[in-house]
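A.B. asks: okay, here's the prediction I keep looking at, along with the sequence it came from:
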Amino acid sequence: NTNFETETLNLDSRIKLALCYFRIHDYENAELKFKELCKIENADPIFYHYYGICLKNNKKYDLAKENFNKAKGVDSTHFYNNLYLESIDSLIIWDTNKVEIEVENISSINSSLANYSPRYYKDGLLYCSEQLHDSLSERKHIDFYPIFEDIENDVQKKIIETRIQDELTYGSDLSPRTSLLYVEVKSEDLFKTNALNNIPEESIDAEEIVAANKKINIGSYFLDSITGNILYTNTVNTNTWTPDVNKHSILYSAKLDKEKNRLKHKKIAKIKRLSSRYGSGDPTLSSDGNIMYFVSDKPGGEGGTDIYYVKKNNNGKWGKAINLGNQINTKGNEMSPFIYNDEILYFSSDGYVGYGGLDIFSAKIFEDSIISAPEIFSFPLNSSADETYFSKHPTNEHLAVFTSNRFEGAGDDDIYLAYFSNISAYI
């Protein structure tokens, strides 16, 4: 219930409530809560920044500028505050542009958990999906003991625990596992003119498990059609309640065991001058498999996470990782690169003037060189939330898939289909 009196909450709880709405991209309710926080005497200037973001995303541009400028008056060097302030003039123009993209949530495969990193494969899609339940017996669970400390009745404890389990998206698991799934897609049935649905129910078949490993989480990935290897982001599994755990994702390679539906021969993808002390992942390959683009937060980059490329040597080993530089990378974060026909680099970034969060961009490439400035995709493909893992259909340039955590989705990250009515504008 969003209508209760927040004045009955202490300040710390009011801040947490506002941030919760903000975190799930419910900007209408977040706007109301940050507006209240900004009225507090000697309010923290960061409230003006968050309030400005909510106002911007709710298209209240003049008031958004006012609050971004208030935050800027306290800290004129805040990268994102300055970027969002700069973005408003572009947003006003973009709001008047003709919409030439349709997007649709693939509701049959999405859930309240995360579904992400879709890639076209055979006659359908591969994608990563979080699994709420699995057979790992040693899975750690949230300790509900503090809640039950004063309850002596065991039956009552069980009732409360069951209710909590039902309410929690992830149940009581501390670390839900991800699996690699496949669904066949009848692409010819999508986005038909005058059809009742852009994605007819019969166009998406039932999901099949391609790889599920108990001891690892499969993050983003890329299947090398030449070697049969899968390059993937090996994400951290933690069975302890340690939000500040000092671990990171690392780029791995493996083989798909098609009989047992798992990964085998897993090992770190060795790249010169890329230490496993730093994070790496989000791989994509050129058509001949000799150039890999990936993401890392290794020192010496332009900002947070940067996009790098590396060439394969004559001995089949990866050479030295080279930063794409400030033609692509920013002071913010770049991620989820995807190479299309060895001609276009698609990627996500939160470091450019955009709609907010991570937006999807494209840039023309030739071999390992960037030959055009990045261009942003328009609404509704991009939104005020995060858009990532864009992938173009290999033969039908009207179609693409991507991931978004926008508020109107099924839950966490969802997979969406995009249809481009004007191809030339996006190639």
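C.D. replies: Everything's here; your move.
A.B. asks: low-confidence regions, the stretch 301-427 of the chain specifically.
C.D. replies: Across the stretch 301-427 of the chain, the ranges flagged by pLDDT under 70 are 423-427.
A.B. asks: for residue 75, what are its contacts?
C.D. replies: For residue 75, the contacting residues are 45, 81, by Cβ atoms under 8 Å, 6 or more residues apart in numbering. Bear in mind the C-beta positions are built from the backbone N, C-alpha and C, glycine included.
A.B. asks: what separation do you get for it and residue 62?
C.D. replies: Separation of residue 75 from residue 62 (Cβ to Cβ, to the nearest Å) stands at 22 Å.
A.B. asks: what's the answer for residue 331, then?
C.D. replies: 27 Å.
A.B. asks: and the two? Which one has more around it.
C.D. replies: When neighbours are counted by other Cβ atoms under 10 Å, residue 331 and residue 62 differ, and residue 331 comes out ahead with 14 against 8.
A.B. asks: which residues touch residue 125?
C.D. replies: 118, 119, 182, 183, 185, 401, 415.
A.B. asks: for these, which one is nearest residue 24?
C.D. replies: residue 415 (18.1 Å; Cβ to Cβ).
A.B. asks: can you show me the CA trace of whatever helix or strand the closest one lives in as PDB?
C.D. replies: Counting by DSSP states H and E, the element that carries residue 415 is strand 414-420. Extracted C-alpha coordinates of strand 414-420, given in PDB (Å, rounded to 0.1, in the frame of the first residue of the first chain):
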ATOM      1  CA  ASP A 414      13.100  -9.600 -18.800                       C
ATOM      2  CA  ILE A 415      13.700 -10.600 -22.400                       C
ATOM      3  CA  TYR A 416      12.000  -8.500 -25.100                       C
ATOM      4  CA  LEU A 417      11.600  -8.700 -28.900                       C
ATOM      5  CA  ALA A 418      12.100  -5.600 -31.000                       C
ATOM      6  CA  TYR A 419      10.700  -5.000 -34.500                       C
ATOM      7  CA  PHE A 420      12.300  -2.300 -36.700                       C
END
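A.B. asks: quick one: strands adjacent to that strand?
C.D. replies: Using DSSP bridges, strand 414-420 pairs in its sheet with strand 101-105 (antiparallel), strand 399-404 (antiparallel).
A.B. asks: count the residues that sit near the nearest residue to residue 9 once chain neighbours are set aside.
C.D. replies: Spatial nearest neighbour of residue 9, chain neighbours left out: residue 17 (6.9 Å); criterion: Cβ to Cβ, 6 or more residues apart in numbering. A count of neighbours around residue 17, defined by other Cβ under 10 Å, yields 19.
A.B. asks: just residue 13 next, same as before
C.D. replies: Other residues lying near residue 13 total 11 when counted by other Cβ under 10 Å.
A.B. asks: ok but it is inside a helix, no?
C.D. replies: Yes. Per DSSP: H, G, I helix; E, B strand; the rest coil, residue 13 lies within a helix segment.
A.B. asks: can you give me the strands in the stretch 301-427 of the chain?
C.D. replies: Counting by DSSP state E, counting those that start in this stretch, the segments of the stretch 301-427 of the chain that form strands are 306-311, 322-323, 334-340, 344-349, 359-366, 369-370, 375-376, 387-392, 399-404, 414-420.
A.B. asks: which residues touch residue 349?
C.D. replies: Here residue 349 is in contact with 330, 332, 333, 334, 335, 358, 359, 361, 374 (criterion: Cβ under 8 Å, 6+ apart).
A.B. asks: can you put those in CSV and add distance to residue 408?
C.D. replies: Formatted as CSV, those follow (distance: Cβ to Cβ, whole Å):
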residue, distance to residue 408
330, 28
332, 25
333, 24
334, 26
335, 23
358, 17
359, 17
361, 23
374, 27
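A.B. asks: wait, which of the residues you listed is closest to residue 87?
C.D. replies: residue 359 (9.9 Å).
A.B. asks: I'd say the closest one and residue 375 touch.
C.D. replies: No. Residue 359 is beyond contact range of residue 375, at 10.7 Å (criterion: Cβ atoms under 8 Å).
A.B. asks: find the nearest non-adjacent residue to residue 409, please.
C.D. replies: Spatially, and ignoring its direct neighbours in sequence, residue 409 is nearest to residue 105 (6.1 Å; Cβ to Cβ, 6+ apart).
A.B. asks: what does residue 86 give?
C.D. replies: Excluding the flanking residues, the one nearest residue 86 by Cβ to Cβ, 6+ apart is residue 353, at 5.6 Å.
A.B. asks: my read: that neighbour touches residue 80, true?
C.D. replies: No. Using Cβ under 8 Å, residue 353 is not in contact with residue 80; the gap is 11.6 Å.
A.B. asks: which residues do these two both contact?
C.D. replies: Counting by Cβ under 8 Å, 6+ apart, no residue touches both residue 353 and residue 80.
A.B. asks: pull up the pairing partners for the helix or strand hosting residue 295, direction included.
C.D. replies: Residue 295 belongs to strand 291-296 when assigned by DSSP H and E. Here strand 291-296 is paired, per DSSP bridges, with strand 280-285 (antiparallel), strand 306-311 (antiparallel).
A.B. asks: can you tell which of those is closest to residue 67?
C.D. replies: Distance to residue 67, taken as Cβ to Cβ, is lowest for strand 306-311 among the strands paired with strand 291-296, at 30.4 Å.
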